[in-house]
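**Student:** predicted structure and sequence below. I'll ask about it afterward.
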Amino acid sequence: MKRVLVIEDEMPIARLVQVYLERAGYEVHWNAGDANAIHTFVTWKPELVLLDLMLPDQDGLDILERIRQYGSCPVIILTAKGSVPDKLQGLSLGADDYIAKPFDPEEVVARVQTVLRRSTYIAEADMIRLGSLTIDFSAQLASLGKEPVSLMPRDWQLLAFLARHPNQCFSRDQLLDQVWGMDFEGGDRSVDTAIKRVRKALRLWSETEGEISTIRGMGYSLRVY
Ligand code: CA
């Protein structure tokens, strides 16, 4: 069951959306746009967020920015602000869609379905399968079919991070921050050599199912064929 987090201060609207989404088979959690919004996002790990922009305590766009620091979870903005500049600002900050209030709840359900259908985002699942490649986060193991893939811990973390965000490109700096941590002193070379080792370990998988591709001038992306 896919999880949808609704961040909306107006309870009647949130409840209406919740009822329709639950009827359509989604698991829904409501947050009133308070200080817990990001905490709920990080711990509950939704597959999609419906985000109101006009919140009493904070700007919804700030929440969107925070969500983006955690990756590419799809976000649909819900708001009474229907003007074009707001819409452009939301989309430029990485919202996936935009619905102006008042809305038809059926339309919200349809948009959620569409955005989820085209999304490659995988929430923090315990296990990801990309064809024959399985990444088991609780055991911290990768395997190809039944064969374990032998990786050093950091290389495993690199693969795990890329696998959570398939088809998305990350710069070497982003990978250093995400995988090695802010205070790591080594440079881009560490990323390149780790990528080389992971590629070697995934040789069989790369023949037919996917690869870690180099995006020139940008960085790396785990592509699924
Ligand atoms: Ca509001």
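**Tutor:** Thanks, I have it. These numbers come from a predicted model, not from an experiment.

**Student:** so Gln174 makes contact with Gly219?
**Tutor:** Yes. With contacts counted by C-beta atoms under 8 Å, Gln174 reaches Gly219, the gap being 6.9 Å. The way it works is simple: take the backbone N, C-alpha and C, and place the C-beta from them, glycine included.

**Student:** which one of those two is surrounded by more residues?
**Tutor:** Ranked by neighbour count (other C-beta atoms under 10 Å), Gln174 and Gly219 place Gly219 first, with 19 against 15.

**Student:** pop out the phi and psi values for the closest residue to that one other than its chain neighbours.
**Tutor:** Leaving aside its sequence neighbours, Gly219 sits nearest to Ser171 (C-beta to C-beta, 6 or more residues apart in numbering; 4.0 Å). With angles defined as degrees, to the nearest 10, Ser171 sits at phi -70, psi 160.

**Student:** tally of neighbours for Ala201?
**Tutor:** Neighbour tally, Ala201, other C-beta under 10 Å: 19.

**Student:** that one touches Glu147, doesn't it?
**Tutor:** No. Using C-beta under 8 Å, Ala201 is not in contact with Glu147, being 10.7 Å away.

**Student:** in the protein, which residue sits closest to the ion?
**Tutor:** Met54 (4.0 Å; C-beta to the ion).

**Student:** how far away is that residue from Pro105?
**Tutor:** Using C-beta to C-beta, to the nearest Å, Met54 is found at 19 Å from Pro105.

**Student:** could you pull up phi and psi at Ser138?
**Tutor:** The phi and psi values for Ser138, taken as degrees, to the nearest 10, are phi -70, psi -40.

**Student:** contact partners for the closest residue in space to it that isn't next to it in sequence?
**Tutor:** Nearest residue to Ser138, sequence neighbours excluded (C-beta to C-beta, 6+ apart): Asp126, at 5.2 Å. Contacts for Asp126 (C-beta atoms under 8 Å, 6 or more residues apart in numbering) come out as 136-138.

**Student:** Leu51: what secondary structure?
**Tutor:** Here Leu51 is recorded as strand under DSSP: H, G, I helix; E, B strand; the rest coil.

**Student:** from here on, call the first residue 38.
**Tutor:** Got it, first residue is 38 now, which makes that one Leu88.

**Student:** wait, it sits on Ile44?
**Tutor:** Yes. Applying C-beta under 8 Å, one finds Leu88 in contact with Ile44, separated by 4.9 Å.

**Student:** list residues touching both of the two?
**Tutor:** 97, 100.

**Student:** residues of the chain that sit close to the ion?
**Tutor:** 46, 89, 91 (C-beta under 5 Å from the ion).

**Student:** now for Asp89: which residues touch it?
**Tutor:** By C-beta under 8 Å, 6+ apart, the contact set of Asp89 is 44-47, 50, 70, 97, 114-116.

**Student:** Arg234 is in what secondary structure piece?
**Tutor:** Using DSSP states H and E, Arg234 falls within helix 225-238.
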